[in-house]
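>>> for reference, the sequence and a predicted model appear below.
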Amino acid sequence: MILQRNMFYTLRHLLRFGLSKADAISKITKEDAEIIVVRQLGQIKPGFKASIIVWNGDPFSLSSYPILVIAEGRTAYRE
């Protein structure tokens, strides 16, 4: 488990060192699931437990916030 603010700082450093936004997101979703060998998480496609956050803007912006959170196929928050 990682605190949200620590994840944001880590992603910010990855971007500073040249990683694209898409690759940075992949580092904390799909690639993490592969590392801990959880095969049903980390991707949005049939056979996987969907976990996704929909933001009102750029998720790397401090002024953006989640408007929809789906955790393992169930809606956890909706604005």
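Yep, that arrived.
>>> all helices of the protein, in order?
Chain-ordered helices for the chain, with DSSP state H as the definition, fall at 4-16, 21-27, 30-35.
>>> residues touching stretch 64-77, excluding its own?
The set of residues external to stretch 64-77 that reach it, using C-beta atoms under 8 Å, 6 or more residues apart in numbering, is 41, 49-58, 78-79. For every residue, glycine as well, the C-beta is placed using N, CA and C.
>>> got any ranges where this protein has weak pLDDT?
Residues of the chain that meet the criterion pLDDT under 70 lie in 1-4, 32-43.
>>> which residue lies farthest from the center of it?
Here the chain reaches farthest from its C-alpha mean at Phe17, the gap being 19.2 Å by C-alpha atoms, centre = their mean.
>>> how near is it to Met7?
Counting by C-beta to C-beta, to the nearest Å, the gap from Phe17 to Met7 is 16 Å.
>>> dump the residue contacts of Ser20.
If a contact means C-beta under 8 Å, 6+ apart, then Ser20 has no contacts.
>>> what distance do you get for it to Asn6?
Distance of Ser20 to Asn6, computed by C-beta to C-beta: 21 Å.
>>> likewise for Lys45?
When distances are taken as C-beta to C-beta, Lys45 and Asn6 turn out to be 28 Å apart.
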